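K.L.:
compute the structure for the input listed below.
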Amino acid sequence: MKTIWKNVLGVAIVAMISSGVAIGTSTYLMNKNQSSTSLADGVENTFKQSYRLTNFGTVAAENTDFTAAAESAVHGVVHIKATTNAQASSERGGDYIDPFEYFFGFGGRGGFQRPQPQPRVGAGSGVIISTDGYIITNNHVIEGADELEVTLNDNRKFPAKVIGTDPTTDIALIKIEANDLPTIPFGDSEKLKVGEWVLAVGNPFNLTSTVTAGIVSAKSRGNIGTAGRDRSKIESFIQTDAAVNPGNSGGALVNTKGELVGINTAIYSETGNFAGYSFAVPISIAGKVANDLKQYGAVQRAVLGVLIQDPQYAPEEAKEKLKVFEGAYVGGFAERSSAKEAGIEEGDVVVAVNGVKIKSSSALQEQISKYRPGDKVELTVNRNGDTKKFTVELRNAQGSTKVVKAGDSTEVMGGAFKTLSKEQKRQLGVSYGIEVTGLTNGKLKDAGIKKGFIIMIVNNQRISSPDDLEKIVEDILQGRSEDQGLFIKGFYPNGRTRYYAIDLAE
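P.N.:
Numbers count the residues shown, from 1 in each chain. You can find the predicted model right below:
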């Protein structure tokens, strides 16, 4: 189970999974025939839903009827079993020392057998978002899994394949081969109000089709610790007091109309089980992520190119000039910043995006996450008491507006690689590394790297397979890493050590 301890309060944010593989995420997606929120301008909704719920309307709390919303939602929530095979578990477990061999020199003949690694199985939830089998869940539900099995509410089971993942928002999109599946209509998470009733639907402790009720306790909740030290993580959660436990991750948060407004992701607990509050990724973020994963295989992440924080955490000398304490304080800029080019200055407080009020840095993250590079947004800022508006063209982490697709790392690098064989490792005297086996026009060739070069270290990370290098490059291209380039260490077979720096922002 994934657990995150809060230093001051002495409690933990824990992801909801029983064992092995982790759990969690969120979704947004809609149908033009339903009364639901829209994705940002230019973001096409690619998921089609087959039916429409009756609008139940808001009523007094004592008269609220959850039965219709619960009945419709349970059919659109699935159970996900994620299995990591024994071989993969064994390889990650490191070297094994036979104590009989170590002490007596006769190994297995002493009657001591090496324990056989067992598959690791984790469980979570998911939400069906299209009738043809697309399912949204948390990235940590499926991360590292070799096999995925989805069980529908009617007990049918299907193998599932991964369409795409986004650790930054903890969202993943998977698919099963089935048709005419029930879906949950998409609602508007931005219209949720604090105090509004919501239902959490999932499979806690492998108990299928479980529904709990609570209210929205807070919106745009950030800084709860799930990102750790990774500043690329997006935290802007819907906080509720609906009971959520391990196994609920990736399940649905719905309003009393039965509309999907969030994906349950984390809990706030001292024990690992529900003890007060739970957190969901708003559908406004999750839906856009899922659409991108379906269309491109990668998230088209837009950035302003600003360093932000809540105004109350601004430097003391800056606080003296602030006239507002709700919004996102601009503390600096990235090397390539569209916001700076548009006229935003250090010390400004962003108070609205396209007319939507911004109360915190997390709320600004949430709003920008709805858009893609190339979209233009109007920022309203407070500058020493004066209100100013600026139009900013959003860009990706590399400073451009081009579409980034899964697999672009291979094209960008322009190289072919292979893992070193055992014989090569013995001859070269190394225990890891990959060989450059071919070059086309790309970053490697431009940097001067030649065929036969052995890549050992990239950005202080050991490279043991081509997948290791691809992940580093993909994380940079998709804005999941703070790095803007690669620093490569390696050598040629003649023993000559070389270092290369590659700027991926160009």
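K.L.:
burial count for residue 307?
P.N.:
Using other Cβ atoms under 10 Å, residue 307 has 15 neighbouring residues. Every residue, glycine included, has its C-beta placed from N, CA and C.
K.L.:
run through the residues that contact it.
P.N.:
The contact partners of residue 307, by Cβ atoms under 8 Å, 6 or more residues apart in numbering, come to 330-334.
K.L.:
just the buried members of those residues?
P.N.:
Burial by neighbour count, 16 or more other Cβ atoms under 10 Å: within those this picks out 330-331, 333-334.
K.L.:
can I get those residues in CSV including secondary structure and pLDDT?
P.N.:
Output for the buried ones among the contacts of residue 307, formatted as CSV (DSSP: H, G, I helix; E, B strand; the rest coil; pLDDT from 0 to 100):
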residue, secondary structure, pLDDT
330, strand, 96
331, strand, 94
333, strand, 92
334, coil, 84
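K.L.:
what is the nearest of those to residue 206?
P.N.:
Of all those, residue 206 sits closest to residue 334, with 44.5 Å by Cβ to Cβ.
K.L.:
doesn't residue 308 make contact with that closest one?
P.N.:
No - in this structure residue 334 lies outside contact range of residue 308 using Cβ atoms under 8 Å: 11.1 Å.
K.L.:
quick check, nearest of the contacts of residue 307 to residue 491?
P.N.:
residue 334 (33.5 Å).
K.L.:
what about the closest residue to the closest one other than its chain neighbours, how many residues nearby?
P.N.:
Counting by Cβ to Cβ, 6 or more residues apart in numbering, the nearest residue to residue 334 once its immediate chain neighbours are dropped is residue 305, at 4.1 Å. The tally of other residues near residue 305 (other Cβ under 10 Å) stands at 21.
K.L.:
compute the distance between residue 305 and residue 315, please.
P.N.:
The spacing between residue 305 and residue 315, counted by Cβ to Cβ, to the nearest Å, is 20 Å.
K.L.:
can you give me phi and psi for the closest residue to residue 278 other than its chain neighbours?
P.N.:
Of all residues not flanking residue 278 in the chain, residue 244 sits nearest, at 3.7 Å (Cβ to Cβ, 6+ apart). Main-chain dihedrals, residue 244, degrees, to the nearest 10: phi -130, psi 140.
K.L.:
what of residue 338?
P.N.:
The phi/psi pair for residue 338 (degrees, to the nearest 10) is phi -70, psi -30.
K.L.:
quick one, what contacts it?
P.N.:
With contacts defined as Cβ under 8 Å, 6+ apart, residue 338 is in contact with 303-305, 392-395.
K.L.:
please convert the buried members of the residues you listed into ChimeraX selection syntax.
P.N.:
Only the buried entries of those go into this ChimeraX selection, using 16+ other Cβ under 10 Å:
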select :303,304,305,392,394,395
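K.L.:
pick the one among the contacts of residue 338 closest to residue 207.
P.N.:
Nearest to residue 207 among the contacts of residue 338: residue 303, at 40.7 Å, using Cβ to Cβ.
K.L.:
could I get the contacting residues of the closest one?
P.N.:
Per Cβ under 8 Å, 6+ apart, neighbours of residue 303: 334, 338, 368, 394-397, 479.
K.L.:
then residue 218?
P.N.:
194, 238-239.
K.L.:
for the top strand by length along the chain, buried residues please.
P.N.:
When the chain is parsed with DSSP state E, its longest strand is strand 210-221. Of the residues in strand 210-221, 210-214, 216-217, 219-221 count as buried by neighbour count, 16+ other Cβ under 10 Å.
K.L.:
what's the closest non-adjacent residue to residue 416?
P.N.:
Residue nearest to residue 416 in three dimensions, not counting chain neighbours: residue 438, with 3.7 Å by Cβ to Cβ, 6+ apart.
K.L.:
check which helix or strand covers that neighbour.
P.N.:
Using DSSP states H and E, residue 438 maps to strand 434-439.
K.L.:
partners of that strand, with directions?
P.N.:
Using DSSP bridges, strand 434-439 pairs in its sheet with strand 415-419 (antiparallel), strand 454-458 (antiparallel).
K.L.:
next secondary structure after the first one?
P.N.:
This means strand 415-419. The helix or strand immediately downstream of strand 415-419 is helix 422-428, counting by DSSP H and E.
K.L.:
the last one now?
P.N.:
Helices and strands here follow DSSP H and E; after strand 454-458, the next one along the chain is strand 461-462.
K.L.:
what's the separation between residue 194 and residue 327?
P.N.:
Remark: distance between residue 194 and residue 327 (Cβ to Cβ) = 19 Å.
K.L.:
do the same with residue 463
P.N.:
For residue 463, the distance to residue 327 - Cβ to Cβ - is 42 Å.
K.L.:
around the nearest residue to residue 84 once chain neighbours are set aside, how many other residues sit close by?
P.N.:
Distance criterion Cβ to Cβ, 6+ apart; nearest residue to residue 84, sequence neighbours excluded, is residue 120 at 4.4 Å. The local packing of residue 120 (other Cβ under 10 Å) involves 19 other residues.
K.L.:
pLDDT wise, what is residue 120 at?
P.N.:
pLDDT, residue 120: 86.
K.L.:
how about residue 206: what's its closest non-neighbour residue?
P.N.:
Leaving aside its sequence neighbours, residue 206 sits nearest to residue 123 (Cβ to Cβ, 6+ apart; 5.6 Å).
K.L.:
do residue 177 as well
P.N.:
That would be residue 133: by Cβ to Cβ, 6+ apart, it lies 6.2 Å from residue 177.
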